[in-house]
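K.L.:
Here is my input, please return the structure:
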Amino acid sequence: MYRIWFAAEAMVFIWFLIFLFFNPINAQQYYDPSDCLENTSYPGSRYTCNHSYQHPCQTFLVYRASHYFKTISDVSQLFQLDPAELLHLNNLKSQLKVLEPGREVLVPIKCSCLGQFFQATFNYTVPENSTIDLSDIACRIFEGLAKPGTFVEENTSEGNNVEVGTKLHVPLKCACPDNFSNSSGVKYLVTYPLVEGDAPSMLSENFSISPVDLWVANNFQPWPTIYPNTTVLIPLKRDPVINFSIPRSPPPSPGFLPTILVQKTSNTKLRNLYIAGSVVGFILLLAALVVCGLHVKALTNLRLRSYCPSILEALHFHAQHQYSLRNYSIEDLKRATDDFSEERKIGDQAYKGLNMDNAEMMIKLMRFE
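P.N.:
Okay, here's the model as predicted:
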């Protein structure tokens, strides 16, 4: 069974290498694993473009219903779109129906190459009783679809803190397929914000695409690790349709800033790792107990050996000084105790004396009734 599994993984890896080196898509963009709040710019913090041949394209991003934007009407106002367009695209009927928290909504956008980077530009007016921090707007309101550093670059006059009523330029992350991608049949690169629980295998199932296509579009290594509060590109060869029969990720919290890393390790591998660790730990514990037992036994034997001569001497003395019952006359007892003198007295009615063999003896007077 393990051989079959290993052979399957090896075959996927070989196909990935063939696809990487011989397919003209060839790793279009980079994945940025850094947290949304991190201001340092990395490859993939913004998707790059070459203005000489890149043209605007119609594409999509995924937005999740949350505590702040509960309905299609809310989402359409945020992205300045016609609610009817969102209803049709997401197969929904009511723009006022409250969506389940975390429910993914496809949003159509126009992606343009501006300077070195792709972006879909929207305007956002800071409302009353709302956040006035660019980092919060980027990572909570727009769910990591743009990083705070990008907001600052597009709104240099505002700084990080803005006033209520300020109109901001929102540069959302997006990308257009290049000429090579188009020749391979890739029609859209959908920007997808990750939350806790997302995994490459789940994304492949949700959008019915090959894992290799996902790896190549984001310049992943095989079996990558992805992190919450970042984005990936979903390469699609037809109009996007999300498969909602796949178990969904947990809904975003009101702050939308999950911090737990999502590992690529499958549950089976993780379970096997735990079992192996438990077995090794049990064996080590058992070995430690055996060693401790042997050590205690050795110490005990050493002590016994040190006590044995004394014990043998005592036994030898006892064997040499066994006495048999013997009758003494009263004259013998008087003679042994100097006639029961006070010097021989060792108690109220006990005396010490010497018998005929000059061996010490104790004589106790008894009263007979």
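
K.L.:
Could you list the domains of this structure?
P.N.:
Structurally, the chain divides into domains by automatic domain parsing as follows: 22-264, 265-322, 330-364.

K.L.:
Name the stretch among those domains that sits most buried.
P.N.:
Of all these, domain 22-264 carries the top mean neighbour count, a mean of 17, counting by mean count of other C-beta atoms under 10 Å. From N, CA and C alone the C-beta is placed, and that goes for glycine too.

K.L.:
D339 and R140, how far apart?
P.N.:
114 Å (C-beta to C-beta, to the nearest Å).

K.L.:
Repeat that for N327.
P.N.:
Note on N327: its distance to R140, by C-beta to C-beta, is 111 Å.

K.L.:
what's the answer for P127, then?
P.N.:
Distance, P127 to R140, by C-beta to C-beta: 14 Å.

K.L.:
Next, L189: secondary structure please.
P.N.:
In three-state terms, and counting by DSSP: H, G, I helix; E, B strand; the rest coil, L189 is strand.

K.L.:
Surely it is in contact with T231?
P.N.:
No. Counting by C-beta atoms under 8 Å, L189 does not reach T231; the two are 11.0 Å apart.

K.L.:
Tell me the confidence at the closest residue to E38 other than its chain neighbours?
P.N.:
Nearest residue to E38, sequence neighbours excluded (C-beta to C-beta, 6 or more residues apart in numbering): K147, at 7.5 Å. K147 is assigned a predicted lDDT (pLDDT) of 93.

K.L.:
Am I right that K147 is in contact with E153?
P.N.:
No. Here K147 does not reach E153: they are 9.7 Å apart, not a contact under C-beta under 8 Å.

K.L.:
Spit out the contact partners of L333.
P.N.:
340, 353, 363 (C-beta atoms under 8 Å, 6 or more residues apart in numbering).

K.L.:
Also K187?
P.N.:
177, 236-239.

K.L.:
Closest one of those to N219?
P.N.:
P177 (14.8 Å; C-beta to C-beta).

K.L.:
which residues of the stretch 101-250 of the chain fall in helices?
P.N.:
134-136, 148-154, 179-183, 200-207, 211-217 (DSSP state H, counting those that start in this stretch).

K.L.:
Equivalent analysis for the stretch 251-369 of the chain, please.
P.N.:
Going by DSSP H, counting those that start in this stretch, the stretch 251-369 of the chain shows helices at 267-320, 330-336.

K.L.:
thinking again about what came up before, mean pLDDT lowest where, among the domains of the chain?
P.N.:
Taking the mean pLDDT of the domains of the chain, domain 265-322 comes last: a mean of 59.

K.L.:
Disregarding residues adjacent in the polypeptide, which is nearest to P127?
P.N.:
Closest to P127 by C-beta to C-beta, 6+ apart is V164, at 7.1 Å.

K.L.:
thought that neighbour was touching T125?
P.N.:
No. With contact defined as C-beta under 8 Å, V164 does not reach T125; the gap is 9.1 Å.

K.L.:
Show me what stretch 65-73 is in contact with.
P.N.:
Stretch 65-73 is contacted from outside by 63, 74-75, 78, 83, 86-87, 90, 92, 94-103, 105, 140-141, 143, 251-252, 254, 256, using C-beta under 8 Å, 6+ apart.

K.L.:
Look up the closest residue to Q58, ignoring the ones flanking it.
P.N.:
The shortest distance from Q58 to any non-neighbouring residue, by C-beta to C-beta, 6+ apart, is to K110 (6.1 Å).

K.L.:
ok, now which ones touch the one you found?
P.N.:
56-59, 120.

K.L.:
D133: which of these is nearest?
P.N.:
Checking the contacts of K110 against D133 by C-beta to C-beta gives A120 as the nearest, at 22.2 Å.

K.L.:
Mind checking what secondary structure L86 has?
P.N.:
L86 falls in the helix class when you classify it by three-state DSSP.

K.L.:
From N355, how far out is it?
P.N.:
According to C-beta to C-beta, L86 and N355 sit 122 Å apart.

K.L.:
G281 is nearest to which of the helices of the stretch 101-250 of the chain?
P.N.:
Of these, nearest to G281 by C-beta to C-beta is helix 200-207, at 30.2 Å.

K.L.:
If anything else comes up later, I'll come back, but that's it for now.
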